[in-house]
Structure formats: C-alpha cells, structure tokens
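# Sequence and predicted structure, then a few things I'm wondering about:
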Amino acid sequence: MTGFKIFLYYGVPVQLSLVLLTGILDAQQQTPQQIPLWQAGAPGYENRRDEPEEAKDWWVKNIHNPSITVYLPPREKATGAAVLICPGGGHRTLVYNAEGRDPALYLNSLGIAAFVLKYRLAREEHSPYTLEKEVRQDAYRAMRLVRSRAREWNIDTGRLGMLGFSAGGEVVDLIAYVPGQGDQQAADPVDRQNGRPNFDILIYPGPLFIPETIPPDAPPAFLLVAEDDSCCSVSVLRLLRGYREARIPVEAHVYAHGGHGFNMGYRSTLESLKSWPLRMADWLTDMRILAPAKIEEKKN
C-alpha cells in the first residue's frame, strides 16, 4: 500500500491533526450518501420514518428511519474489502463522528469501503425498540443491503466485516455468532442475501450477546480494550477465551491504561492508544483482507 494517504499514517506521528486528516480525505471523495435501510421505513414503524433525527456535537439520537452512510475509497485504491461500522453510545445515542465517520475515513485510507450504520436506539427514553428484535433487524438488513449492492460499490461480498465500538460491539455480537442466511423466497431481493459478517473488529465491546460457546464457523476477530475499562475489558477476555477454545483466528490487544471510550485514539494522551488503528491495519493485512481480488458478484 503506497500513496499520500497511507504515508500520513505510517510516515509521521499519529498526532496529526484530525481536522487536517479529514480535510485531506474529504477532498478526495464525494459527499457521503445516506441510504435508508428500508425505502418505506422500518417494518412496523413506517409511520415514523419522517421523524427528524437529533444531532449535537458528537452524538445522534431519535433514529426511527435506520440507515447506512456510504464512504467509498478512491476506485484506484479500493481493495474490495468493506466494513459496516456500528458506533457506540450505550443504545441511548450514537457517537457518530468519533466512532462512525472517523473510522470510516481511516478505513478508506486503507482502500476499504466503509458503511456507518445508524441503528435504532433501544435505551433512549420512551423507545419502543428492543435490542433482540429491532436492533438485530437493523444490523442484518444493513449487511444484506451492502451485499446486494456489491457490484455498484466495487466490493467483494466475501470480505465484508463489521466494526463495533462499545454498544456497537453488542450490535456486532447480535448477528456474528448465529447463522445469517437470507430468505431465498423473500419478495425483497435484499432479504435474500447473507447477513453474517466475514470478520469482526470489536473495540471495547459491551458485555451483551457474547455466546457461552463461540461456534466453530464464527468469523475471525480483532479485539482491543484497555485493562482499566471497568465496563468492557472482561468482554474481550471472554471473547478471547471462547475464540481460543473454538480454535478460530483471533488477535487481542489489552492496553494497560485508557479507560472506556477512547474512540480512534486521536485525542488520547497515551502513545499506545494514539496508534491503535495501526494494529488493526496490520491485522487486516496479515489476514489478507486487504489483498486486492477480482471483484465479482457472489451468492452468500
């Protein structure tokens, strides 16, 4: 991987201003497109699709028309790999910029297509949604929507993974460890696609939906957390143990300090956290997820 954008990460300290980095990347791509998961609105809640989202500073909430926002790398740089990003926020808000947009731009710099999921919030005040039903439904639908448009977005449907931060890691776990076959009789062709990720990246993931036993066909995983994260360090240790017992490829990084919610590490004062995205890039390379491949439509 060569070129100016990669040089920024590997050639100079990662203290590089996020404002500068974002400006460089934004200059080389079109305005990201937001696409609703269902054109008519979420099933059973179609009458709420036009309710406006609320957004301020770092968060977004009041999401009733779930969507993906599309961030594509320059076509000449694209590897064919793709990642669906699930921001955290405790299922009350979405930490959209720091755990959605920023990782999308970083993944674009590696030649990876990125899709930021705005999923419904089950713990927001007066929410009618549940994690087990509506949030899981959003995750499956987002994966299937991306696969259904693989040719348009120049991606390999066999190299589509998920990246989840905190509560977003729980969204990943909702669908990563169970079968995701689509319904081949579905009237909507999107619903015929496979909804399961091919690999997982879990950054300080929450404790919910980690299975007692990792299934033998689980996707390979990259795990990262701070040891002093009282919420989520145990989640990573549980996942690591389960993956080892299942003999499925896994890489885990447990940092001594950092607490919870350090996002992409750009604003951290800890040298190890400032550079954690490079560890993810190394893993993606070593797993050959970034290896360019012939892009063709696949049945999953």
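Ah, there it is.

# hey, C-alpha coordinates of stretch 124-131 in CSV?
In CSV, the C-alpha atoms belonging to stretch 124-131 read as follows (Å, rounded to 0.1, in the frame of the first residue of the first chain):
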residue,chain,number,x,y,z
GLU,A,124,-33.3,6.0,24.5
GLU,A,125,-36.1,7.5,26.6
HIS,A,126,-39.6,6.2,25.5
SER,A,127,-38.0,4.0,22.9
PRO,A,128,-40.4,1.3,21.5
TYR,A,129,-37.4,-0.8,20.3
THR,A,130,-35.6,-3.8,21.7
LEU,A,131,-32.0,-5.0,21.1
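
# Any buried residues in that stretch, and which?
Using 16 or more other CB atoms under 10 Å as the test for burial, stretch 124-131 gives 124, 127, 129, 131. All C-beta atoms are positioned from the backbone trio N, CA, C, and that covers glycine.

# for the most centrally placed residue in the chain, what are its contacts?
In the chain, the residue lying closest to the centroid (CA atoms, centre = their mean) is residue 85, at 2.0 Å. Taking CB atoms under 8 Å, 6 or more residues apart in numbering, we find residue 85 in contact with 99-100, 103-104, 107, 114-117, 162-164, 168.

# with those residues in mind, which one is nearest to residue 283?
residue 163 (11.7 Å; CB to CB).

# re earlier: will you turn the buried residues of stretch 124-131 into TSV that also has secondary structure, distance to residue 274 and pLDDT?
Formatted as TSV, the buried residues of stretch 124-131 follow (DSSP: H, G, I helix; E, B strand; the rest coil; distance: CB to CB, whole Å; pLDDT from 0 to 100):
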residue	secondary structure	distance to residue 274	pLDDT
124	coil	32	98
127	coil	35	98
129	coil	36	98
131	helix	32	98
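
# List the residues that contact residue 143.
84, 160, 162, 175, 180, 193-197.

# do the same with residue 215
177-178, 246.

# circling back to that earlier point, list the ones among the contacts of residue 143 that fall in strands.
84, 160, 162 (DSSP state E).

# Kindly indicate the member of the residues you listed with the most neighbours.
Of all those, the highest neighbour tally under other CB atoms under 10 Å goes to residue 162, namely 29 neighbours.

# Double-check that one against residue 201; I have them as touching.
Yes: counting by CB atoms under 8 Å, residue 162 touches residue 201, with 7.1 Å between them.

# so what sits against both of those two?
residue 83.

# Leaving out chain neighbours, which residue sits closest to residue 172?
residue 164 (3.8 Å; CB to CB, 6 or more residues apart in numbering).

# show me where the stretch 1-150 of the chain has helices.
If DSSP state H, counting those that start in this stretch is used as the criterion, the helices of the stretch 1-150 of the chain fall at 4-11, 18-26, 96, 102-109, 136-148, 150-153.

# ugh, wrong one, the stretch 201-300 of the chain
Under DSSP H, counting those that start in this stretch, the stretch 201-300 of the chain gives helices at 233-246, 271-274, 276-286.

# for those helices, which one sits closest to residue 49?
That would be helix 233-246 among these, by CB to CB, at 33.2 Å.

# Return the set of buried residues in that closest one.
233, 235-236, 238-240, 242-243.

# other SSEs contacting that helix?
Secondary-structure packing of helix 233-246 (3 or more CB pairs under 8 Å, 6 or more residues apart in numbering; DSSP states H and E): strand 200-203, strand 221-226, strand 250-255.

# Spatially nearest residue to residue 50 (excluding sequence neighbours)?
residue 65 (7.4 Å).

# List the contacts of the one you found.
36, 41-42, 48-51.

# repeat for residue 60
By CB under 8 Å, 6+ apart, the residues touching residue 60 are 53-54, 93-94, 96, 118.

# Type out the ChimeraX command that picks the buried ones from the residues you listed.
The ChimeraX selection below is limited to those of those classed as buried (16+ other CB under 10 Å):
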select :93,94,96,118
